[in-house]
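S.K.: this is a predicted model, with the sequence first.
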Number of protein chains: 2
Amino acid sequence: MKIFIGADHRGFELKEFLKKRLSFELEDCGAHFYDPNDDYVDFALRVGIEVVKDDNSVGILICGSGAGMCFAVNKIKGIRASVCCHPEMARKAREDDDLNMLCLASDFIDKELALEIVKSFLNSNFKKEEKYLRRLKKISEYENRNYSFN
Amino acid sequence: MKIFIGADHRGFELKEFLKKRLSFELEDCGAHFYDPNDDYVDFALRVGIEVVKDDNSVGILICGSGAGMCFAVNKIKGIRASVCCHPEMARKAREDDDLNMLCLASDFIDKELALEIVKSFLNSNFKKEEKYLRRLKKISEYENRNYSFN
């Protein structure tokens, strides 16, 4: 499993902390330095495009509220991103909804909690139950219809 | 401002609570009864399609972790959805990112907190600063490019 990470200036410090503390190897898609004028969108799209290349890849995106990263990256076909505020929330989103992109709100969770959320996300797996697969299929059908002919 | 709301079986009870307690009028897009076999996707798309019809509309979507609702509805062009766990998070996401769809995780927040988050979301407005508009423009450009020619 490849793990990509990205953050804007608001998430930069937390990204650096996670890189140091996690035992998983993370591929850092930037920001590579603190720039208060950078745009979350650029990192969201960079990480998202990497993640959809391979079914086994997942991503982590960080900004102040998590919101900008979340809706920007979800525009990419095949991305399933959400903001998680608790480790259990990340586990459930991965197990039931096959979340492949974890978004974090650096202004609203402390670093140790963020670390626990990321661990929970990375250590959980999608439960391929019929009802969960049926729901994801509906999303794929919507994506395929609208991304091609809209 | 029109406000649309939707929930699957996991969010049904919280939706009914919010309808009773909010002073805003909500247009209920279902579920209209508790059905453990319903799919979050159906309500996400129904609410999302209503919200993008009019720039002044916003939406609220509820499921267990908020995740399924969040990534499903973000597939709709023009939707900016995120899960918010604190009133302040909803305010920031609306002010900085022009969030037009609030997703709630009924399994992880109690009803009174949910009510405060919704009030904060509905009582906040987008601050049309140049940097925020620039970021949203990048997302629109991505959407327009990819939804047409992918």
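M.R.: Nice, thanks for sending it over. Source: prediction; values computed, not measured.

S.K.: what sits up against the longest helix along chain A?
M.R.: Secondary structure of chain A per DSSP state H: the longest helix is helix A:130-149. By Cβ atoms under 8 Å, 6 or more residues apart in numbering or on different chains, the residues outside helix A:130-149 that reach it are A:77-78, A:80, A:96-98, A:126, B:37, B:39-42, B:45, B:68, B:71-72, B:75-77, B:146-147, B:150. Every residue, glycine included, has its C-beta placed from N, CA and C.

S.K.: so which of those residues belong to helices?
M.R.: A:D96, A:D97, B:Y40, B:V41, B:D42, B:L45, B:G68, B:F71, B:A72, B:N146, B:Y147.

S.K.: ok, now which ones touch the first one?
M.R.: In this case it means A:D96. Going by Cβ under 8 Å, 6+ apart, the list of residues near A:D96 reads A:K127, A:Y132, B:G64, B:S65, B:A67, B:G68.

S.K.: and these, which is closest to A:L102?
M.R.: Closest approach to A:L102 among the contacts of A:D96 (Cβ to Cβ): B:A67, at 9.7 Å.

S.K.: any idea how many residues pack against that closest one?
M.R.: Counted with other Cβ atoms under 10 Å in any protein chain shown, the neighbours of B:A67 add up to 30.

S.K.: relative orientation of the helix or strand of chain A with the lowest mean pLDDT and helix B:67-74 in degrees?
M.R.: In chain A, no helix or strand scores lower on mean pLDDT, DSSP states H and E than helix A:130-149, which sits at a mean of 87. Calculated by axes from the mean of the first three to the mean of the last three Cα atoms, to 10 degrees, helix A:130-149 forms an angle of 20 degrees with helix B:67-74.

S.K.: buried residues, helix A:130-149. List them.
M.R.: Going by neighbour count (16 or more other Cβ atoms under 10 Å in any protein chain shown), the buried part of helix A:130-149 is A:Y132, A:R135, A:L136, A:K138, A:I139, A:Y142, A:E143, A:N146, A:Y147.

S.K.: ok, those residues vs A:E88, which is closest?
M.R.: For the buried residues of helix A:130-149, the nearest to A:E88 is A:Y132 (17.4 Å; Cβ to Cβ).

S.K.: can I assume A:S82 sits in a helix?
M.R.: No - under the criterion used here (DSSP: H, G, I helix; E, B strand; the rest coil), A:S82 is strand, not part of a helix.

S.K.: how about A:I62: what's its closest non-neighbour residue?
M.R.: In space, A:I62 comes closest to A:G11 once its chain neighbours are excluded; the distance is 2.8 Å by Cβ to Cβ, 6 or more residues apart in numbering or on different chains.

S.K.: now do the phi/psi pair for that neighbour.
M.R.: Here is the backbone geometry of A:G11 (degrees, to the nearest 10): phi -100, psi 0.

S.K.: next, the contact list for it, please.
M.R.: If you count contacts by Cβ under 8 Å, 6+ apart, then A:G11 has A:L61, A:I62, A:C63, A:G64, A:M69, A:L104, A:S106 around it.

S.K.: before we move on, what about A:E116?
M.R.: By Cβ under 8 Å, 6+ apart, the residues touching A:E116 are A:P87.

S.K.: and A:I76, by the same measure?
M.R.: Applying Cβ under 8 Å, 6+ apart, the residues contacting A:I76 are A:L45, A:G48, A:I49, A:V52, B:N146.

S.K.: next one: A:V83
M.R.: A:65-67, A:70, A:103-105, B:66, B:70, B:82-85.

S.K.: ok so, going back, which of the contacts of A:I76 has the largest number of neighbours?
M.R.: These, ranked by neighbours (other Cβ under 10 Å): first place A:G48, 27 neighbours.

S.K.: ok, and that one, which helix or strand is that part of?
M.R.: A:G48 belongs to helix A:40-51 when assigned by DSSP states H and E.

S.K.: now do that helix: distance to the chain's middle.
M.R.: Mean-position distance between helix A:40-51 and its chain equals 10 Å (Cα atoms, centre = their mean, to the nearest Å).

S.K.: and stretch A:45-60, by the same measure?
M.R.: Here stretch A:45-60 is found 9 Å from its chain centre; the criterion is Cα atoms, centre = their mean.
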